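Participant: Curious how this folds, go ahead:
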Amino acid sequence: MGQKILKLKEVIAQADTIVIGAGSGLSTSAGFTYTGERFDKHFADFRARYGFTDMYSGGFYPYKTLEENWAFWSRYIWINRYMDAPKTVYSDLLNLVRDKDYFVLTTNVDHCFQKAGFDKKRLFYTQGDYGLFQCSQACHQKTYDNQEQVQKMVESQGLNPSRAEAGLSGGKMSIPTELVPHCPVCGKPMSMNLRADDTFVQDKGWYKAAERYENFIRTRKLDSDGKVLFLELGVGGNTPGIIKYPFWQMTARNPNATYACINFGEAVVPREIADKSICVNADIGEVLKLVQ
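Facilitator: Numbers count the residues shown, from 1 in each chain. This next block holds a predicted model:
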């Protein structure tokens, strides 16, 4: 791995432009895990009552009431959106690129880039944001900041928002009916602004970010020339058409491009661009510290 680290350091130093593509593996490396000790710390009571053993499953559980549903989701949102990641992976990444002409394309919805200090005008969250509500029926194309309301939901369960911990005898597992969010236009229940089906709301902010990303790629001529690093971090196979395939294609078209993939267990590259790629099968946070 040593030679790959040295090569990656060299490429970062020489790159005129860096395009970062980030998936869930980056946040996992930063400590935002959804199973095990972290799940038990915040959802032991839900596990005991409902039987699921990870946060993702809890998000899809068919709760009988909206009050129960939002008790779970308010904790989920609070610890994964408003609390800081346990490790410094995002700030370490910023240290590497802050003086570069960079842009971030990410499927993550936890807002870690902006909390770490990345320029929000250089970020495109394609799949939504835990910090936003939308109408569950998408009756209008607008989203709503949810921090204040989510905090009230967490507090209503008897939990301290600074920790949001709940053991087997922890807080309540429902919220007061008056805190259940409803659409201000049609009155239907609100939902999270997360891309899951055709009700996902792409608001004005989403379209502006998409336009900024498209302009960045076009004005730097990244798919044809320009010394560029396409840095893919923790992107799996769930939505390869958003980051992975476009990065491969732009690398193939640009003779001055390098593609780098850091992904524990999933660092792969097509043979067509293997000679201009760096694949590191290791923990992202450890690699970022080595290339500082």
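
Participant: The longest strand out of those in the chain pairs with which strands, and in what direction?
Facilitator: Identified as the longest strand of the chain according to DSSP state E is strand 128-135. Strand 128-135 sits in its sheet next to strand 144-145 (antiparallel), strand 190-194 (antiparallel), going by DSSP bridges.

Participant: Deepest in the core, which of the ones you listed is it.
Facilitator: Of those, the one with the most neighbours on average (mean count of other CB atoms under 10 Å) is strand 190-194, at a mean of 21. C-beta here means a position set from N, CA and C on the backbone, and glycine is covered the same way.

Participant: average model confidence for it?
Facilitator: Strand 190-194 carries an average pLDDT of 98.

Participant: For that strand, which outside residues touch it?
Facilitator: 73, 77, 109, 127-130, 132-136, 143-144, 181-183, 199-201, 203 (CB atoms under 8 Å, 6 or more residues apart in numbering).

Participant: what does stretch 69-78 give?
Facilitator: Residues outside stretch 69-78 that contact it (CB under 8 Å, 6+ apart): 42-43, 46, 55, 58-59, 61, 63, 130-131, 146, 150-151, 153-154, 157, 159, 161, 164, 166, 172-175, 179-181, 192.

Participant: Kindly reformat the strands paired with strand 128-135 as CSV and extend each row with distance to A252.
Facilitator: Output for the strands paired with strand 128-135, formatted as CSV (distance: least, CB to CB, whole Å):
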stretch, distance to A252
strand 144-145, 40
strand 190-194, 32
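
Participant: Check which residues of stretch 12-24 are buried.
Facilitator: By neighbour count on 16 or more other CB atoms under 10 Å, the buried set for stretch 12-24 is 12, 15, 17-24.

Participant: what's the answer for stretch 138-150, then?
Facilitator: For stretch 138-150, by 16+ other CB under 10 Å, it's 138, 142-144, 146, 149-150.

Participant: Now do the strands in the stretch 1-150 of the chain.
Facilitator: Remark: strands assigned in the stretch 1-150 of the chain by DSSP state E, counting those that start in this stretch are 17-22, 101-106, 123-125, 128-135, 144-145.

Participant: nearest to V235, of the strands paired with strand 128-135?
Facilitator: Smallest distance to V235 across these (CB to CB): 17.6 Å, for strand 190-194.

Participant: gap between the closest one and the chain center?
Facilitator: Here strand 190-194 is found 15 Å from its chain centre; the criterion is CA atoms, centre = their mean, to the nearest Å.

Participant: what about K221, which SS state?
Facilitator: coil (DSSP: H, G, I helix; E, B strand; the rest coil).

Participant: residues near K152, how many?
Facilitator: Neighbours of K152 under the rule other CB atoms under 10 Å: 15.

Participant: If anything else comes up later, I'll come back, but that's it for now.
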